[in-house]
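Student: How does the following fold in three dimensions:
(one chain, ligands or ions: 2)
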Amino acid sequence: VRAALAESSGGPGRTADGVAVQLLANVGTVEDAERAAARDVEGVGLFRTEVLFLDRETAPTVAEQTEAYVRVFRAFGDRKVVVRTLDAGADKPLKFVEVEPEENPALGVRGLRTSRKHPGLLADQLTALAAAAEQTGARPWVMAPMVATGPETAAFTAQARAAGLATVGVMVEVPAAALRAGSVLAAGADFVSLGTNDLTQYAMAADRLAGDLAELLDPWQPAVLQLVALTGAAGAAVGKPVGVCGEAARDPLLALVLVGLGVTSLSMAPAAVPAVRFALSRTTLATAQAMGAAALAADTPEAARAAVTALADPEL
Ligand code: PEP
Ligand code: MG
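Tutor: Numbering: from 1, shown residues only. Ligands and ions are numbered 1, 2, ... in the order given. The predicted structure follows:
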């Protein structure tokens, strides 16, 4: 019954009282994006561009990248597309990037940090994104991964704007960036997007790939939700969008908590969208805010889930 109800309605994400919460797709390849474009989603909230760079001996040229971005932008037309710049390093090593062996790759030169030693990689990617935007008339949102500080945000956003990109932001997936989200936004980000996979890993000091640590890696952990709340409040204070593009967004009850904590868009695997849309449609913003407060007041993920379930529409 629940699945049938969830599938029966479509369209943009809205709370029961009509507050818009964009429902977006996470995509990992051009083909993925083309498939997602045929689904009932409001756009792309996370285009992971690593696949263009992995398993190659050399970096893709600006022309090769432009062609790929053009296909994605064409597929989505007027819909929003958020592109993440290369998130290399750690679990995603690149053959043509010489990375000295690191003791702790997850804490090493990865994400935006890669561009310190290899500035050409990011410069070329931004050039290709701007060229694809120009060719298609698209207005992509572009964000950098693994940003920790305001100055890193300032440097990235300035470089992206200089390349010709209009809407520029950063991911919040390092606890430092969440704790200082106000500074990150003030440093020049038009928006932020919470990567709850890495945010959870770093907040809980638990390797995201370590199955034995599943309990610590639960995005319902109150400490993680507190970082989300800080980021949501910082975004609300200046009226800038705060998205979530980590796995947390696909859990309907947790999605409500995220919205209650100030999140304005949710990005997930397209298959997860209908259930989240349905949960939103059954919940007012005030109830979502009460859920957010209840989750923050809980001491454990289990207690948070129970408190939120008690506030939820019985259909959920
Ligand atoms: C995240 O960290 O939550 C995220 C969306 O990025 P990725 O999973 O690609 O690291
Ligand atoms: Mg991440």
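Student: The stretch 201-316 of the chain: helices as residue ranges?
Tutor: Secondary structure of the stretch 201-316 of the chain (DSSP state H, counting those that start in this stretch): helices located at 222-238, 252-260, 273-281, 285-297, 301-311.
Student: from the chain's centre, how far out does the first one sit?
Tutor: What it means is helix 222-238. Taking CA atoms, centre = their mean, to the nearest Å, the mean C-alpha location of helix 222-238 is offset from the chain mean by 14 Å.
Student: what about Thr300, neighbour count?
Tutor: Thr300 is flanked by 13 other residues according to other CB atoms under 10 Å. For the C-beta atoms, the positions are set from N, CA and C on the backbone; glycine is no exception.
Student: Now do the contacts for the most centrally placed residue in the chain.
Tutor: With distances taken as CA atoms, centre = their mean, the residue of the chain nearest its centroid is Cys245 (2.7 Å). Applying CB atoms under 8 Å, 6 or more residues apart in numbering, we find Cys245 in contact with Leu24, Asn26, Gly45, Leu46, Val82, Met171, Ser193, Leu194, Gly195, Ser267, Met268.
Student: Could you rerun that using 6 Å?
Tutor: Under the criterion of CB atoms under 6 Å, 6 or more residues apart in numbering, the neighbours of Cys245 are Gly45, Leu46, Ser193, Ser267.
Student: gap between it and ligand 1?
Tutor: Counting by CB to the nearest ligand atom, to the nearest Å, the separation of Cys245 from ligand 1 is 5 Å.
Student: measure that residue to ligand 2 for me?
Tutor: The span separating Cys245 from ligand 2 equals 8 Å under the rule CB to the ion, to the nearest Å.
Student: With pLDDT, distance to Glu302 and secondary structure added, can I get the contacts of Cys245 in JSON lines?
Tutor: Putting the contacts of Cys245 into JSON lines (pLDDT from 0 to 100; distance: CB to CB, whole Å; DSSP: H, G, I helix; E, B strand; the rest coil) gives the following:
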{"residue": "Gly45", "pLDDT": "98", "distance to Glu302": "28", "secondary structure": "strand"}
{"residue": "Leu46", "pLDDT": "98", "distance to Glu302": "29", "secondary structure": "strand"}
{"residue": "Ser193", "pLDDT": "98", "distance to Glu302": "28", "secondary structure": "strand"}
{"residue": "Ser267", "pLDDT": "98", "distance to Glu302": "26", "secondary structure": "strand"}
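Student: returning to what we had before: now mean neighbour count, mean pLDDT and distance to ligand 1 too, for the helices of the stretch 201-316 of the chain, in JSON lines please.
Tutor: JSON lines is the format used below for these (neighbours: other CB atoms under 10 Å; pLDDT from 0 to 100; distance: least, CB to the nearest ligand atom, whole Å):
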{"stretch": "helix 222-238", "mean neighbour count": "20", "mean pLDDT": "98", "distance to ligand 1": "11"}
{"stretch": "helix 252-260", "mean neighbour count": "28", "mean pLDDT": "98", "distance to ligand 1": "12"}
{"stretch": "helix 273-281", "mean neighbour count": "23", "mean pLDDT": "98", "distance to ligand 1": "16"}
{"stretch": "helix 285-297", "mean neighbour count": "19", "mean pLDDT": "98", "distance to ligand 1": "18"}
{"stretch": "helix 301-311", "mean neighbour count": "17", "mean pLDDT": "98", "distance to ligand 1": "17"}
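Student: Kindly report the residues of this protein close to ligand 1.
Tutor: Within reach of ligand 1 by CB under 6 Å from any ligand atom, the chain has these residues: Leu46, Arg48, Asp87, Glu173, Gly195, Thr196, Asn197, Asp198, Cys245, Gly246.
Student: again, only this time at 5 Å
Tutor: Within the chain, the positions lying close to ligand 1 (CB under 5 Å from any ligand atom) are Glu173, Gly195, Thr196, Asn197, Asp198, Cys245, Gly246.
Student: Write out the residues of the stretch 151-300 of the chain neighbouring ligand 2.
Tutor: Glu173, Gly195, Asp198 (CB under 5 Å from the ion).
Student: So for the second one, what's the nearest residue that isn't a sequence neighbour?
Tutor: What that stands for is Gly195. Excluding its sequence neighbours, the residue lying closest to Gly195 (CB to CB, 6 or more residues apart in numbering) is Glu173, at 3.4 Å.
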